[in-house]
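Trainee: what would the 3D arrangement of this be:
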Amino acid sequence: MRRLLDRVYLISGGLAAAAILAICLLVAAQVSLNILARIGGPSLSFTIPSYADFAGYLLAAATFLALAHTLRSGTHIRVNLVIQRLPAGARWTFELASLAIGAALGAFAVWFTVALTAESWHYGDKSTGIVAIPLWIPQSVMVAGLVLLTVAFLDTLVESLRARGAILTDSGSE
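Mentor: Coordinates of the predicted model:
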């Protein structure tokens, strides 16, 4: 199970990286088309339809898909200046409380994001750009990222309980 979860987190992080790369390529293509229009005049003026909308959806995908991977790799921004000064037992208690709260908030976010996605599906909500994208598609990626984050919180909580000590704050990724 450990290898499966780690692989899922890694794939999710890889998809987030691919989304960032896609944003770079999309924006670079549009900038190139803008330069072409400046040099060649109005006859060479082209625009990628809804490129800003697509870049926004890709940014949301990158953000949400990266959450679980960054939590598990210890690269989330944390308040380590305070945590480092706590004794080991207090550090573990603080970590357990943080992980439990994170899992609860993650589950809360999943619940409402699923409701939002279902509502978008039910009403057929679409984006307002040139290319009308059904909103449930980018919202589904948000749901997937939040589900993975919640699983990662629970996974890390169980791992910390089994280790009987703080694992995130002792990882050396201060």
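Trainee: which residues sit in contact with T117?
Mentor: T117 makes contacts with 136, 139-140, 142-143, as judged by CB atoms under 8 Å, 6 or more residues apart in numbering. Glycine gets a C-beta too; all of them are placed from N, C-alpha and C.
Trainee: for T63, state which of these is nearest.
Mentor: M142 (8.5 Å; CB to CB).
Trainee: and for the residue lying closest to the closest one once chain neighbours are set aside, the neighbour number?
Mentor: Spatial nearest neighbour of M142, chain neighbours left out: F64 (4.9 Å); criterion: CB to CB, 6 or more residues apart in numbering. The local packing of F64 (other CB atoms under 10 Å) involves 24 other residues.
Trainee: check the most centrally placed residue in the chain and give its pLDDT.
Mentor: Nearest residue to the geometric centre of the chain (CA atoms, centre = their mean): F64, 1.7 Å. Looking at F64, its pLDDT stands at 97.
Trainee: what's the answer for the one 10 residues further on, then?
Mentor: Note on G74: pLDDT of 77.
Trainee: ok, S173 next?
Mentor: 42.
Trainee: now V114: which helix or strand?
Mentor: Using DSSP states H and E, V114 sits in helix 88-123.
Trainee: list the contacts for V8?
Mentor: When contacts are counted by CB under 8 Å, 6+ apart, V8 touches 68, 148.
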